[in-house]
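In: below is the sequence, then the predicted model.
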Amino acid sequence: FFDLSGIDVSQVSVVINYDPPVTYADNPQPDCETYIHRIGRTGRFGKAGIAINLVSDDFALSVIQRIGDYFGVAIEPLDASDMDQLEAIEKDKF
């Protein structure tokens with residue numbers, strides 16, 4: 001287990017979520033505040049940045065979609081094998 005809580009780095013350009021944050025209860029729900037705190041570490045002070053969510057199952061996909069709905073934004077899927085898509089993101093964000 002590795003936790004970076006409390007570390008403040010001003011030059012973060014990429015945040016990778018290995019799993020979406022959820023509340024730990026009998027019925028786990030998306031933890032939108034934790035999500036925004038995590039991705040808020042990227043692109044600070046007018047710098048470009050990107051957040052990548054690794055999704056391994058239907059539950060994680062559902063959580064990410066509900067977080068996007070909560071904030072009113074589309075969290076777009078990324079095909080890591082599509083080099084054109086990756087290059088377009090790099091040109092757009094950096």
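Out: Happy to help now that I have it. Note that the coordinates shown come from a computational prediction; the quantities given were computed from them, not determined experimentally.

In: now Glu90, what are its backbone angles?
Out: phi -60, psi -40 (degrees, to the nearest 10).

In: sorry, slip of the keys, the one I care about is Cys32.
Out: Dihedral angles (degrees, to the nearest 10) for Cys32: phi -60, psi -40.

In: okay, it: pLDDT?
Out: In this prediction, Cys32 carries a pLDDT score of 95.

In: ok, now Asp19?
Out: For Asp19, the predicted pLDDT is 89.

In: do the same with the one 10 residues further on
Out: The per-residue pLDDT reported for Gln29 equals 92.

In: could you do Ile7 as well?
Out: pLDDT, Ile7: 59.

In: how near is Asp31 to Asn17?
Out: 11 Å (C-beta to C-beta, to the nearest Å). The C-beta positions use only the backbone N, C-alpha and C, and glycine is treated the same way.

In: what of Tyr70?
Out: Distance, Tyr70 to Asn17, by C-beta to C-beta: 15 Å.
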